[in-house]
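A.B. asks: With the input below, show me the fold.
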Amino acid sequence: MDYTEMMKKKNNLSILLITGTILVGILVSAIVILPLYNSASSVTKEADQKTTELASLKSKKSVLDGLKDQEAQLKKSAGLVTSALPTDSDVGGLFIQVDALASQSGGKVLSITGASAAATTTATKTGFSGIQKYTYSVPVSFPNYFALKDFINGSKSALRLLNIDDIGISASDTGSIQAIMNITAYTRK
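C.D. replies: Coordinates of the predicted model:
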């Protein structure tokens, strides 16, 4: 064998070796690196999904926190409403309040003294669970129109829920006013 032929064989062997190395590299890439790349890609997609879910959960948590604040405010308001609505057994306190309102405005309740009622109706259910209403006819004497007006304005800011349904008014020659009011009081069971 001569030298040129030997070099050709050596070059062919080198080319074959390089080609084999490249093929092994491609094969290793296809067998090892491609699955790793796909796995990393799916992990990235999953991480993106988890990031989106986390952002959604954080948003929902902030909404829940806001609702908890509203719940606390509603419970506080419910406590105020509950204190404004006496129980059925404490309905007499309403008459004390009516008598106090009349006294503060210069009037006098004629047929209700202390915590008793001259005329009353039985409890009527309202559209709200556990709340009843009582309607009373309450005659009150006032020295003048301004005293009656003060009584009505005072009833607007009464501690307990009172509703003046209607008023029958008669005036005397001296200027005093007799008012018969139908007052609805609300209680809870």
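
A.B. asks: Tell me the secondary structure at the residue positioned nearest the centre of the chain.
C.D. replies: Taking Cα atoms, centre = their mean as the criterion, Q70 is the residue nearest the geometric centre of the chain, at 4.2 Å. Reduced to three states with DSSP: H, G, I helix; E, B strand; the rest coil, the structure at Q70 is helix.

A.B. asks: Roughly how far does it sit from I164?
C.D. replies: If you measure Q70 against I164 using Cβ to Cβ, to the nearest Å, the figure is 33 Å. Where you see a C-beta, it was placed from the backbone N, CA and C, and this is true even at glycine.

A.B. asks: Could you do D99 as well?
C.D. replies: Going from D99 to I164 by Cβ to Cβ gives 15 Å.

A.B. asks: what's downstream of the worst-scoring helix or strand of the chain on mean pLDDT, the next helix or strand?
C.D. replies: Least confident helix or strand, the chain: strand 124-125 with a mean of 58, by mean pLDDT, DSSP states H and E. Using DSSP states H and E, the helix or strand that follows strand 124-125 towards the C-terminus is strand 131-142.

A.B. asks: Now that next one: average pLDDT?
C.D. replies: Confidence over strand 131-142 (mean pLDDT, whole number) is 84.
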